[in-house]
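Trainee: I would like the atomic coordinates for the input below:
(2 chains)
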Amino acid sequence: KAGVTQTPRYLIKTRGQQVTLSCSPISGHRSVSWYQQTPGQGLQFLFEYFSETQRNKGNFPGRFSGRQFSNSRSEMNVSTLELGDSALYLCASSLYQVGDGYTFGSGTRLTVV
Amino acid sequence: QKEVEQDPGPLSVPEGAIVSLNCTYSNSAFQYFMWYRQYSRKGPELLMYTYSSGNKEDGRFTAQVDKSSKYISLFIRDSQPSDSATYLCAMTSTGFQKLVFGTGTRLLVSP
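Mentor: The predicted structure follows:
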């Protein structure tokens, strides 16, 4: 079966711009989570959506936002990009909850210049 | 102090060796424990998932959880060059909470 699909794979943006990343979960998975991965901080939790509702949120500024659609696809948006936002953004899906086991996508590599 | 501590390595071993990877944590509420493997330019891949304490074996991989010591381990038997990757431990208190990850240990298995 198809895995978690993230688009685009690579992105270069300029400081101050905004960006939208997309994630299509495994068919039937209703929980979608987003993580930021950087060499210094590792994987850090951004937010989690279940049935179009945000269930959990990490400690990131309000410039980071997300949403989930009725088909479980999810998008995350970062406004007013900063150099420090350069990272690998990973999406993970699970059936209902983290305890079911996450499946990660390959991520979107965002570079802010 | 981070909630989850993991030695970044790199850990270099010859092919066929037994590898031991470890994490310590501070939050006694953690109940779900996972190990992920991440290859370069790829997302993490779930290897092992354990609920509460005890051991779990899957092929060449064994996961151990010692909640009394707040210590988890992943053992890889008969290591192969294809096992060369970064190994991340992750844990959470309930199924509905965020996963807290270690920073990852880079493993290099030489032929």
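Trainee: skipping adjacent residues, who's closest to the residue most central in space within chain A in space?
Mentor: Taking CA atoms, centre = their mean as the criterion, residue A:34 is the residue nearest the geometric centre of chain A, at 3.3 Å. Here the nearest residue to residue A:34 in space, its sequence neighbours aside, is residue A:46; by CB to CB, 6 or more residues apart in numbering or on different chains that works out to 4.1 Å. No exception for glycine: its C-beta is placed from N, CA and C like everyone else's.
Trainee: now do the same contact list for that neighbour.
Mentor: Counting by CB atoms under 8 Å, 6 or more residues apart in numbering or on different chains, residue A:46 makes contact with A:33-36, A:57-58, A:60, A:64, A:66, A:76, A:89.
Trainee: what's the spacing between it and residue A:102?
Mentor: 14 Å (CB to CB, to the nearest Å).
Trainee: what do you get for residue B:14?
Mentor: Distance, residue B:14 to residue A:102, by CB to CB: 32 Å.
Trainee: between these two, tell me which one has more neighbours.
Mentor: Using other CB atoms under 10 Å in any protein chain shown as the criterion, residue B:14 and residue A:102 rank with residue A:102 on top: 27 against 10.
Trainee: distance of residue A:16 from chain B?
Mentor: 28 Å (CB to the nearest CB, to the nearest Å).
Trainee: and for that residue, the neighbour number?
Mentor: Per other CB under 10 Å, the neighbour tally for residue A:16 reads 10.
Trainee: mind listing the shared neighbours of residue A:46 and residue A:102?
Mentor: Joint contacts of residue A:46 and residue A:102 (CB under 8 Å, 6+ apart) are residue A:33.
Trainee: let me see the contact set for residue A:106.
Mentor: Listed by CB under 8 Å, 6+ apart, the contact set of residue A:106 reads A:6, A:9, B:41-43.
Trainee: farthest pair in the residues you listed?
Mentor: A:6 and B:41 (12.6 Å; CB to CB).
Trainee: which of these two has more neighbours?
Mentor: residue A:6 (22 against 10).
Trainee: in which helix or strand would I find the more buried one?
Mentor: strand A:5-7 (DSSP states H and E).
Trainee: just checking, next helix/strand downstream of that strand?
Mentor: Taking DSSP H and E, what comes next after strand A:5-7 is strand A:10-13.
Trainee: re the thing from before, determine the set of other helices and strands touching the strand holding residue A:6.
Mentor: Judged by 3 or more CB pairs under 8 Å, 6 or more residues apart in numbering or on different chains; DSSP states H and E, strand A:5-7 is in contact with strand A:19-24, strand A:87-94.
Trainee: next, the angle strand A:87-94 makes with the shortest one.
Mentor: The one in question is strand A:19-24. 30 degrees (axes from the mean of the first three to the mean of the last three CA atoms, to 10 degrees).
Trainee: which residue, other than its chain neighbours, is closest to residue 102?
Mentor: Here I'm looking at chain A. residue A:92 (4.0 Å).
Trainee: try again with chain B
Mentor: Leaving aside its chain neighbours, residue B:102 sits nearest to residue B:6 (3.1 Å; criterion: CB to CB, 6+ apart).
Trainee: my guess is that neighbour contacts residue B:103. True?
Mentor: Yes: using CB atoms under 8 Å, residue B:6 is in contact with residue B:103, at 5.4 Å.
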